[in-house]
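Fold the following for me, if possible:
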Amino acid sequence: MKLLTFIVTICLLFSCTAQKNNEILFGEYSSIKKSLDYNIILTSNFTFRYEIGFNESLIAKCNGKWEYNNFKDSLILRCDKEDSLANLTSTYMKKRENKFKILNKGKRLKNGKIVLIKYKNY
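Numbers count the residues shown, from 1 in each chain. Take a look at the predicted model:
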């Protein structure tokens, strides 16, 4: 019985931590790297908008659902499926799944050399 109580307590603690970490992620992140502008908006209903631009021109974009990985302290952006004609447009994002490491308690996101800084909370 004590083992069962211990296991339930641990599960509750991890679920509470995940909820708090999710809440600190909501907001808008942006970076300018080598003339490329990266912008991500993470909403509380786990949807996102990801845009990449160059000199204020849109290069690629996608919308979809995001997921927080508590154990790896990262998030995964999965772009929604689009109709077959959408991938022929110039702004179609070919990489449909992007993984970002969460840094500084949700203030920064990193994907390879791309570092996004949170500048707006929701």
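
in the strand ranked longest in the chain, what counts as buried?
Looking across the chain with DSSP state E, the single longest strand is strand 57-69. Across strand 57-69, burial judged by 16 or more other CB atoms under 10 Å covers 60-62, 64, 66, 68. Bear in mind the C-beta positions are built from the backbone N, C-alpha and C, glycine included.

of these, closest to F100?
Nearest to F100 among these, counting by CB to CB, is W66 at 9.1 Å.

ok, the closest one - contacts?
By CB atoms under 8 Å, 6 or more residues apart in numbering, the contact set of W66 is 42, 46-48, 75-78.

The residues you listed, buried ones only, as a ChimeraX selection?
To isolate the buried members of the contacts of W66 in ChimeraX, using 16+ other CB under 10 Å:
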select :42,48,75,77
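
from the contacts of W66, which single one is nearest K101?
Closest to K101 out of the contacts of W66 is L75 (8.6 Å), distances taken as CB to CB.
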